[in-house]
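Okay, structure incoming, though there's no sequence with it:
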């Protein structure tokens, strides 16, 4: 019912966030004079767009087709397509194919000196995937080569400033290292860190919080010494890459710069450039940005915890400098699934603090999907997370209220080997089927594709019908191998 001003809805799994977004849109159209095309809803996947559209159609009918619902990339693509005069160069470019990307990086590595830390004698392309992945992450966070250069300069200046006291701390014998030493080195490290990226600051602060927790739990002198040693090891793991990787990072920067120039030379763009080009034009073209701000009077963002830096910049630019924009975000800090793509729950924390004076926080508690046993077990595990909204928003609790009754407990079984685990699970499934369970109603979830193979073999050995459902790597398929052999 809150139509005006910033709203942040915390929607845990199974709490009905899609319904909440759909009803919000329907309520805006019912209670205001806005047209459907004055509402912008951004989500992450095409499946999310389809689900939202279908839900709106069930509520509003054909009018739902006029509401602007996009993924971030499809929204940016439409901005580019609708303004060929502003994005003239981008209109002429083509998307960089995977094969072209590999060729570009191979050529860039070939041009690097033979002694470059990015190359090895035995495999000059060993760093290729890491380089590609890190450039992708930098672009997702809207970090240009010049921004990265500033980060490197700040990092090197930081290392120079604190290297001597840090090495003195590390050199101390563990029996001589005191809590006062740990506090003193943390204070020195933290006082000079303000110019480094927030991620680096968070790692340092996380190590310090863990140290405090270990000290508080220590029951004797030996455990106290162990806490200090763990803190020392965590600091060393955090500091050493900054000190040792200077030359490697400088070479990486050169490749990043040349990679962008190669894209321009060959008239290509990569996936991340689509969002970045819109961010750049919104920042430099006041008339373009004003047009979109005027059109979209209400903005909604689904899965806000999964936004990366560049995507979040789009949202902030559309909201402008207003301290009370009509922005409605839905997210859950406990289930960020795109962190490997640069997503960060810190976006939600920053959103709260940016609009703290006028924001309305709504916490959806009722879970319509899981049993009480599953929810309580999940909450117990999640409680170990360091970066949580409940640490920043007063009065916020992390519990979910189940609406499904069940007396089936969550069992935790530990095995001494992978083979024993596979055989144990297979035996339990066989028992369930013998008790009358339908095989097609039994599912096993594994973290990696390779983890399912041992269980599949154990089930097959017991004569239990099973199907291993994993995504196929087209490069390793028999057809691809045959083509490679022919070529």
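Happy to help now that I have it. Here the structure is a predicted model, which is why all the values come from computation and not from measurement.

So which residues of the stretch 201-350 of the chain form helices?
In the stretch 201-350 of the chain, helices defined by DSSP state H, counting those that start in this stretch lie at 221-244, 246-266, 271-284, 286-295, 309-319, 346-354, listed in chain order.

wait, what's in contact with the residue lying closest to residue 43 once chain neighbours are set aside?
Take residue 43 and drop its neighbours on the chain: the residue closest to it by C-beta to C-beta, 6 or more residues apart in numbering is residue 302, 3.9 Å away. Every residue, glycine included, has its C-beta placed from N, CA and C. When contacts are counted by C-beta atoms under 8 Å, 6 or more residues apart in numbering, residue 302 touches 17, 18, 21, 41, 42, 43, 44, 48, 52, 330.

Phi and psi next, for residue 302.
Main-chain dihedrals, residue 302, degrees, to the nearest 10: phi -90, psi 150.

quick one: it and residue 60, what's the gap?
17 Å (C-beta to C-beta, to the nearest Å).

ok so, going back, which one of the helices of the stretch 201-350 of the chain lies closest to residue 72?
Proximity to residue 72 (C-beta to C-beta) singles out helix 309-319 among the helices of the stretch 201-350 of the chain, at 4.8 Å.

for the protein, what are the low-confidence residue spans?
For the chain, the stretches with pLDDT under 70 are 89-91, 333-345, 382-392, 394-398, 471-478, 481, 484-485, 487.

The closest residue to residue 87 other than its chain neighbours: neighbour count?
Excluding its sequence neighbours, the residue lying closest to residue 87 (C-beta to C-beta, 6+ apart) is residue 80, at 4.4 Å. Neighbour count for residue 80, taken as other C-beta atoms under 10 Å: 19.

please renumber so the chain begins at 6
I'll keep to 6 as the first residue from here, and by that count the last item is residue 85.

so where does residue 85 fall, helix or strand?
Per DSSP states H and E, residue 85 falls inside helix 77-87.

Run the chain-centre distance for that helix.
Between the centre of helix 77-87 and the centre of its chain there are 22 Å (C-alpha atoms, centre = their mean, to the nearest Å).

Can you list the helices and strands that that helix packs against?
strand 44-48, helix 93-97, helix 276-289, helix 314-324 (3 or more C-beta pairs under 8 Å, 6 or more residues apart in numbering; DSSP states H and E).

Show the contacting residues for the residue lying closest to residue 208 once chain neighbours are set aside.
Spatial nearest neighbour of residue 208, chain neighbours left out: residue 243 (5.5 Å); criterion: C-beta to C-beta, 6+ apart. When contacts are counted by C-beta under 8 Å, 6+ apart, residue 243 is found next to 205, 208, 209, 212.

got it, and residue 121?
Counted by C-beta under 8 Å, 6+ apart, residue 121 has contacts residue 256.

picking up where we left off before, I only care about the contacts of residue 307 that end up buried; give me the ChimeraX line for that.
The buried residues among the contacts of residue 307 can be selected in ChimeraX (16 or more other C-beta atoms under 10 Å) with this line:
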select :22,23,26,46,47,48,49,53,57,335
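
Please verify my assumption that residue 13 contacts residue 359.
No. Between residue 13 and residue 359 there is no contact under C-beta atoms under 8 Å: 10.5 Å.

Which one's more surrounded, those two?
Taking neighbours as other C-beta under 10 Å, residue 13 and residue 359 compare with residue 13 leading, 22 against 14.

Which strand residues bridge the more buried one?
residue 334, residue 366 (DSSP bridges).

can you tell me which residues contact it?
309, 334, 335, 336, 353, 356, 357, 364, 365, 366, 367.

Quick check: residue 236 touching residue 216?
Yes. Residue 236 lies in contact with residue 216 (C-beta under 8 Å); the separation is 3.8 Å.

Pull up the overlap in contacts between those two.
Joint contacts of residue 236 and residue 216 (C-beta under 8 Å, 6+ apart) are residue 187.

Who has more neighbours out of these two?
residue 236 (24 against 21).

gap between the more buried one and residue 219?
8 Å.

ditto for residue 466
45 Å.

cool, residue 30 as well?
Taking C-beta to C-beta, one finds residue 30 at 48 Å from residue 219.

More neighbours: which of the two?
residue 30 (25 against 17).

closest to residue 146 out of the helices and strands packed on helix 77-87?
Closest among the helices and strands packed on helix 77-87, using C-beta to C-beta: helix 314-324, at 3.6 Å.

Show which residues not belonging to that closest one make contact with it.
With contact meaning C-beta under 8 Å, 6+ apart, helix 314-324 is reached by 45, 47, 77, 80-81, 144-148, 277, 280-281, 283-284, 287-288, 294, 297-298, 301, 304, 306, 312, 330, 332, 347, 349, 352.

That helix versus strand 44-48: what angle between them?
Using axes from the mean of the first three to the mean of the last three C-alpha atoms, to 10 degrees, one finds that helix 314-324 and strand 44-48 are set 170 degrees apart in direction.

In helix 314-324, which residues are buried?
314, 315, 316, 317, 318, 319, 320, 321, 322, 323, 324.

now these in JSON lines, with distance to residue 106?
Listed next are the buried residues of helix 314-324 as JSON lines, based on distance: C-beta to C-beta, whole Å:
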{"residue": "314", "distance to residue 106": "22"}
{"residue": "315", "distance to residue 106": "19"}
{"residue": "316", "distance to residue 106": "21"}
{"residue": "317", "distance to residue 106": "25"}
{"residue": "318", "distance to residue 106": "24"}
{"residue": "319", "distance to residue 106": "24"}
{"residue": "320", "distance to residue 106": "28"}
{"residue": "321", "distance to residue 106": "29"}
{"residue": "322", "distance to residue 106": "28"}
{"residue": "323", "distance to residue 106": "30"}
{"residue": "324", "distance to residue 106": "34"}
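
can you give me the end-to-end distance of stretch 452-462?
Start-to-end span of stretch 452-462 (C-alpha to C-alpha, to the nearest Å) is 17 Å.
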